[in-house]
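1. Return a 3D structure for these sequence lines:
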Amino acid sequence: MGVYTFVCRSAGGEWTAKQISGGDLEATASSTFDLQRKLVYAAALIDSSVGVQSSFSLVTPSSAVFQVIIGGGGGGGFISGCGAVTAGAPTGGSAAAEAPKEEEEKNVEKEESDEEEFGLSLFD
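-> Down below sits the predicted model:
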């Protein structure tokens, strides 16, 4: 699994990105979309694991952070901030799928107890 984090800056209509934390990947493009595509491609050339996820977050109108995660079995599809679609590798995470169901059941029980606490009922 590889994680590649980039600091992106815009100056003069061009976006540039430099990898932080021990890497020398760089890219330049005229739009954030093209920049993301180039960075995902460059990271995929280095790490050929299955599954790619990416996240693009503007910090200011002229700077951003972009992260590419390759491998790790994130599962499902993800749409990043600028509309680039990437797909993660499917996983057998049935335990992870069960956890939200348990939380949902707890929330339902809590909502029911709140109604009883105030003397309210849906069917009154």
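2. Could you list the single helix or strand in the chain with the lowest mean pLDDT?
-> strand 85-87 (a mean of 44; mean pLDDT, DSSP states H and E).
3. Which strand residues bridge residue 27?
-> Counting by DSSP bridges, residue 27 is bridged to residue 17.
4. Tell me how far it lies from residue 49.
-> If you measure residue 27 against residue 49 using Cβ to Cβ, to the nearest Å, the figure is 20 Å. Every residue, glycine included, has its C-beta placed from N, CA and C.
5. Tell me which stretches of the chain form strands.
-> Counting by DSSP state E, the chain has strands at residues 2-11, 14-19, 26-29, 52-60, 63-70, 77-79, 85-87.
6. could you dump these to a markdown table with distance to residue 41?
-> Listed next are the strands of the chain as a markdown table, based on distance: least, Cβ to Cβ, whole Å:
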| stretch | distance to residue 41 |
| --- | --- |
| strand 2-11 | 11 |
| strand 14-19 | 12 |
| strand 26-29 | 9 |
| strand 52-60 | 10 |
| strand 63-70 | 10 |
| strand 77-79 | 17 |
| strand 85-87 | 11 |
